[in-house]
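Trainee: Provided below are the primary sequence and the corresponding predicted coordinates.
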Amino acid sequence: MEIKGIIFDLDGVLVSTDRLHYQAWKKIADKLGVAFDEKKNDRLRGVSRMESLEIVLEEYVDRAYMSLEEKIKLAEEKNQYYVQFLQTMGKKDVSPSVIETLYYLKKQGYLLAIGSSSKNAKLILRQTELTDWFDAISDGNNIKNSKPDPEVFLKAAQFLDLSPAQCVVVEDAEAGICAAKAGGMEAVGIGAACQCEKADYHITTFTELQTIY
């Protein structure tokens with residue numbers, strides 16, 4: 001079936017907020033006295049906030065005694081740090097190649113959407129002045145299941161009024177590639193997902209999308 005919509009993950013694909021997530025989670029880890037480095041931070045790609053917290057807490061000795069309320073409070077504290085850090089983002093954090101490629105895809109007639117597990121997706125888009133490029137936004141605020149569940153992408157396709165088979169997903173995380181395929185969509189792997197065998201296409205630069213679509 002002809003591809004009519006392109007759904008983008010946000011973090012790591014259109015913009016990079018890894019360092020901000022890392023700094024926010026590091027503050028939580030330091031508070032608890034547990035080790036947290038960039039390698040562990042990489043495991044949080046495409047994962048929900050509460051699931052990310054469980055990874056951060058893996059070596060916390062009192063983990064088994066923590067209540068759900070305490071975990072929710074920690075996750076909310078992390079998000080407060082992250083939102084503070086997001087205020088430093090702006091148009092400068094978007095690569096010219098991203099703008100060039102979005103313009104090209106729009107000119108080709110594709111509908112564009114965001115499919116992100118982040119509950120801060122709309123804030124990031126506003127901060128970086130990317131909102132107007134997209135016809136639909138599906139994020140952590142309208143889903144119950146995070147990737148590799150396909151819900152966020154299926155919602156994006158629904159918002160575009162397209163079938164999953166008419167959509168392709170651009171992802172930098174293996175969990176996102178798995179979610180796209182589980183949802184019946186084509187998948188393009190970029191960044192850390194460039195080598196993912198489940199992806200239909202593998203690109204090393206965002207501009208390469210122009211050679212595929």
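Mentor: Looks like it arrived, so ask away.

Trainee: Off-centre distance for the longest helix seen in the chain?
Mentor: Across the chain, the longest stretch assigned as helix under DSSP state H is helix 68-86. Mean-position distance between helix 68-86 and its chain equals 18 Å (Cα atoms, centre = their mean, to the nearest Å).

Trainee: just stretch 156-167 next, same as before
Mentor: Centroid separation for stretch 156-167 versus its chain: 18 Å, with Cα atoms, centre = their mean.

Trainee: Let's see the distance spanning that stretch from one end to the other.
Mentor: The first residue of stretch 156-167 is 9 Å away from its last residue (Cα to Cα, to the nearest Å).

Trainee: which other residues reach the following helix or strand past the longest helix of the chain?
Mentor: Counting by DSSP states H and E, the element after helix 68-86 in chain order, helix or strand, is helix 96-107. Identification of contacts with helix 96-107 by Cβ atoms under 8 Å, 6 or more residues apart in numbering yields 6, 14-15, 112, 133, 205-207, 209-210, 213. Yep, even glycine has a C-beta here, placed from its N, CA and C like the rest.

Trainee: Now the buried members of those.
Mentor: The neighbour-count test (16 or more other Cβ atoms under 10 Å) applied to those identifies 6, 14-15, 112, 133, 206, 209, 213 as buried.

Trainee: Could you pull out the helices in this structure for me?
Mentor: Per DSSP H, the chain carries helices over the ranges 18-32, 38-42, 49-56, 68-86, 96-107, 121-127, 151-160, 174-182, 209-212.
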